[in-house]
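1. following is a predicted model, sequence given first.
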Amino acid sequence: MLLFFTNGCFTKTILVTGGAGFIGTHIVVQLVNECFKVLIINNLNNSVIEAVDKVKELVVLELSKKLQFNLCHLGLYLQITYNECNLTRVELDFTYNNWLRFDAVIHFASLKAVGESFDNPRQYFDNNLIGTINLYEIMAKYNCKKV
Ligand SMILES: O=c1ccn([C@@H]2O[C@H](COP(=O)(O)OP(=O)(O)O[C@H]3O[C@H](CO)[C@H](O)[C@H](O)[C@H]3O)[C@@H](O)[C@H]2O)c(=O)[nH]1
């Protein structure tokens, strides 16, 4: 751990998918307060951007600058919206902003309502299975092996 510690802070970046959700926000508070940079990607399905604003209020003010939110659909139609850019899954390239490089991933972005999954299995397949495969492909592209 000491290897990553400079100027009193960890220099590692953690990508938290679904970081605006109930579990994700709690984890993000902990990570930011422990000095990690945190990149959230979330499609705001059943969650709101205000949850991320609340996280920023809850963490140490100086450290809140280490948190970044990106609207992103990981599923079949992977799409990331950032500074008014819309990039399709094929074009997705985290390198357009070096800040978006990440060292490890915590993956919470999934649909999990049992009844809904029976009613619309294709949606669950697209979001949860394809979304996870897409995530692994992004990780492979950036040589990130920790999930
Ligand atoms: O393809 C997807 C699917 C989901 N998500 C996101 O992943 C997160 C998943 O979060 P959690 O598993 O922690 O669950 P939720 O926050 O969605 O919901 C939970 O917390 C809520 C309270 O905030 C309710 O109690 C709800 O019943 C309970 O499941 C959500 O932000 C959702 O928007 C994505 O980004 N991409």
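-> Noted; the coordinates are in hand.
2. and residue 71, that's in a strand?
-> Yes. Residue 71: assigned to a strand according to DSSP: H, G, I helix; E, B strand; the rest coil.
3. what's the local residue count around it?
-> For residue 71, the count of nearby residues is 16 (other C-beta atoms under 10 Å). Every residue, glycine included, has its C-beta placed from N, CA and C.
4. wait, it sits on residue 42?
-> Yes. Applying C-beta atoms under 8 Å, one finds residue 71 in contact with residue 42, separated by 7.0 Å.
5. could you report the pLDDT at residue 142?
-> Model confidence at residue 142, given as pLDDT, is 79.
6. from residue 102, how far off is it?
-> Separation of residue 142 from residue 102 (C-beta to C-beta, to the nearest Å) stands at 7 Å.
7. go on, residue 135?
-> 11 Å.
8. just residue 119 next, same as before
-> Distance check for residue 119 against residue 102: by C-beta to C-beta, it reads 34 Å.
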